[in-house]
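# Here is a sequence with its predicted model. Questions after.
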Amino acid sequence: MIQQVDWSKPIQTRDGKPARLISDKLRGDYSHVVAVEQAGYEVLNGHERVLVVKPDGTSRHTPSDDIENTPIVVPRKAVGWVNVWFASWSGKYGAGYVYPTEEEAVAARSPLHTDTVQIEYTETLTSETNVRFKPTTEKELAMDKKTERPVLVTTAHRGVFFGYATDTEGDTIKLTNARNCIYWSKDVKGFLGLAATGPTAGCRIGPAATIELRNITCVAEVDAKAVSNWEAAPWS
């Protein structure tokens, strides 16, 4: 159950889109009418979509459309550890997830990582919960299919792609920051190894682009440890 909404304060959808109350006098259980800002092209043109929700903010649709009060963001300095890789196709270094301890970062390293370094960064917290901004449990993320997540997608034309998707149902899947696996080496142990551990130094991974895939044959969740290996985009 979501927390009661204070309609006199700023509101947003559960996935962070700004919203505003239009009316609270609609007949029935879903009495509140809310306008929600859209993303991408639509927001640039001032487009909004309309939702009807209960007085407590519960949406008629997906959990990501539930309405909540906009959290007060409290920034603070934090220290963490990251694994660094060298992207040969761009000639630049990159880093993946921030780990709270050096031991956890080292445990997540792969042969593609060149170093593990300590960093200082600004962590955003909410004053109400004192946890990371937009707190969501792993179970909630798995249930909410509208949350962008890393996936491996294969097609009927034997294509193997990594990228980030918000919706993996239907005949077409849109991937952002997508990469194509041109070749994977034996140590990957098959295409599902690309989802479990990611590409290794002997693979060939193309540069990133936003794409739409059709004739889908498989969608696999990509492990967090594999994501940085994909982002490193090895090409041997």
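Perfect, thanks for sending it.
# mind giving me the domain ranges of this structure?
As assigned by automatic domain parsing, the chain contains the domains 11-69, 73-126, 138-232.
# Serialize those to JSON lines and add fields for mean neighbour count and mean pLDDT.
Bear in mind the C-beta positions are built from the backbone N, C-alpha and C, glycine included. Output for these, formatted as JSON lines (neighbours: other Cβ atoms under 10 Å; pLDDT from 0 to 100):
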{"stretch": "domain 11-69", "mean neighbour count": "15", "mean pLDDT": "83"}
{"stretch": "domain 73-126", "mean neighbour count": "14", "mean pLDDT": "81"}
{"stretch": "domain 138-232", "mean neighbour count": "17", "mean pLDDT": "87"}
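# Redo the ones you listed as TSV? Include distance to residue 5.
Conversion of the domains of the chain to TSV gives the following (distance: least, Cβ to Cβ, whole Å):
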stretch	distance to residue 5
domain 11-69	4
domain 73-126	15
domain 138-232	18
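# Out of those domains, which is closest to residue 4?
Closest approach to residue 4 among the domains of the chain is made by domain 11-69 (5.4 Å; Cβ to Cβ).
# how much space between the residue of the chain lying at maximal distance from its centre and residue 61?
Each residue of the chain has a distance to the centre, and by Cα atoms, centre = their mean the biggest one is for residue 27: 36.3 Å. To residue 61, residue 27 is 19 Å away according to Cβ to Cβ, to the nearest Å.
# ok, now residue 54?
For residue 54, the distance to residue 61 - Cβ to Cβ - is 12 Å.
# for residue 6, same thing?
22 Å.
# tell me the pLDDT at the closest residue to residue 70 other than its chain neighbours?
Once flanking residues are discounted, residue 70 sits nearest to residue 10: 4.1 Å by Cβ to Cβ, 6 or more residues apart in numbering. On pLDDT, residue 10 comes in at 91.
# what's residue 10 in contact with, if anything?
Neighbour list for residue 10: 18, 69-70 [criterion: Cβ atoms under 8 Å, 6 or more residues apart in numbering].
# So in terms of bridging, what pairs with residue 115?
residue 84 (DSSP bridges).
# Helices of the chain, start to end?
Applying DSSP state H to the chain gives helices spanning 41-44, 102-107, 138-143, 191-196, 224-232.
# And the strands in the protein?
Taking DSSP state E as the test, the strands found in the chain are 11-13, 18-23, 32-37, 48-53, 67-69, 73-87, 92-95, 113-126, 149-155, 160-165, 172-183, 204-205, 209-214, 216-221.
# Quick one: distance of stretch 192-212 to the chain centre.
17 Å (Cα atoms, centre = their mean, to the nearest Å).
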